[in-house]
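Trainee: sequence? don't have it. structure:
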């Protein structure tokens with residue numbers, strides 16, 4: 001059974017390489033670019049105090065000049081924890097690499113992941129794909145979500161633990177997405193399912209969302225473009241989980257442009273990390289929970 005799957009995976013990978021234009025269209029679908037972590041986590045939250053500066057800094061009520069935006073950008077950068085800037089720098093560098101036409105083959109080979117990719121021995125793509133964004137909106141929304149979630153979590157975890165959690169959850173989420181691909185292949189028996197390439201920081205973002213919602217359940221959010229719509233963090237996790245569970249089921253019948261398995265893996269990883277490790281080994285958490293519950 002396993003050798004047969006490997007053969008099918010290699011065939012699917014060869015087909016994907018022979019049709020790069022088709023693969024690019026799949027990765028650049030508008031729905032994929034603006035959904036997932038983008039839609040569910042593109043927000044501003046206002047319950048942790050002045051030490052946290054999320055996406056609202058970039059959407060002032062009054063119109064601003066170029067100089068004003070530059071000044072705001074400089075202040076925003078100075079306020080960000082070092083871990084956020086480090087992760088954003090890596091993501092930005094990979095995003096710029098996608099803009100180089102001569103590097104497209106290299107990027108698809110080493111910065112996207114799938115069952116076929118892992119079967120070919122490129123296990124490193126579980127990590128590299130979590131720092132990879134091809135579309136502008138996909139990149140922008142995930143970085144906005146990162147800058148919104150990360151500062152309070154860094155305050156709770158510390159710099160080194162947060163970086164380890166971010167990278168680890170990204171790898172676990174990527175692996176979850178690949179595992180779902182294999183299960184969907186067993187049902188659909190279509191080899192192209194094994195070569196459906198995934199990329200993006202959404203898995204790590206969803207893991208951060210899970211830890212955040214458990215730590216600050218009463219924090220209030222509003223979506224950037226719909227400020228009148230508000231909800232609590234504790235209601236965010238069930239909605240995200242239901243949406244991605246339905247998406248996973250849909251994938252057993254037809255292709256979905258979203259990485260539902262990756263999202264769900266991130267949520268589970270973050271939830272387990274909070275309850276199995278953070279609660280037991282973090283001295284700040286008890287005091288924070290008493291204040292923000």
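Mentor: Nice, thanks for sending it over. Being a predicted model, the structure only gives us computed values, none of them experimental.
Trainee: tell me the secondary structure of the nearest residue to residue 250 once chain neighbours are set aside, please.
Mentor: Computed as CB to CB, 6 or more residues apart in numbering, the closest residue to residue 250 that is not its neighbour in sequence is residue 256, at 5.5 Å. In short, each C-beta sits where N, CA and C put it, glycine included. What DSSP: H, G, I helix; E, B strand; the rest coil gives for residue 256 is coil.
Trainee: show me where the stretch 101-250 of the chain has its helices.
Mentor: 104-110, 115-119, 125-128, 136-157, 159-188, 202-215, 233-250 (DSSP state H, counting those that start in this stretch).
Trainee: for the longest one, the averaged confidence score.
Mentor: If I follow you right, that is helix 159-188. The pLDDT scores in helix 159-188 average 94.
Trainee: for it, which positions count as buried?
Mentor: 161-163, 165-166, 169-178, 180-182, 184-185 (16 or more other CB atoms under 10 Å).
Trainee: same question for the first one.
Mentor: Taking 16+ other CB under 10 Å as the neighbour-count basis, helix 104-110 is seen to contain the buried residues 104, 107, 108, 110.
Trainee: returning to what we had before: report pLDDT for the residue nearest to residue 250.
Mentor: You'll see residue 256 listed with a pLDDT of 85.
Trainee: from residue 249, how far out is it?
Mentor: 10 Å (CB to CB, to the nearest Å).
Trainee: comparing those two, which residue is more hemmed in?
Mentor: Counted by other CB atoms under 10 Å, residue 256 and residue 249 do not tie: residue 256 has more neighbours, with 20 against 12.
Trainee: got the phi and psi for that one?
Mentor: phi -110, psi 140 (degrees, to the nearest 10).
Trainee: from residue 187, how far off is residue 206?
Mentor: 24 Å.
Trainee: any idea which residue sits dead centre in this structure?
Mentor: Nearest to the geometric centre of the chain sits residue 202, at 1.1 Å (CA atoms, centre = their mean).
Trainee: was I right about residue 261 contacting residue 174?
Mentor: No: counting by CB atoms under 8 Å, residue 261 sits too far from residue 174 to count as a contact (9.4 Å).
Trainee: what's near enough to touch the residue nearest to residue 162 when sequence neighbours are not counted?
Mentor: What sits nearest to residue 162 in space, not counting adjacent residues and going by CB to CB, 6+ apart, is residue 154, at 4.8 Å. Contact partners of residue 154, counting by CB atoms under 8 Å, 6 or more residues apart in numbering, are 81, 83, 84, 162.
Trainee: filter these down to the buried ones.
Mentor: Counted by 16+ other CB under 10 Å, the contacts of residue 154 give 81, 83, 84, 162 as buried.
Trainee: quickly note the distance from the first one to residue 157.
Mentor: Spelled out, that is residue 81. 11 Å.
Trainee: likewise the second one?
Mentor: Taking CB to CB as the measure, residue 83 falls 9 Å from residue 157.
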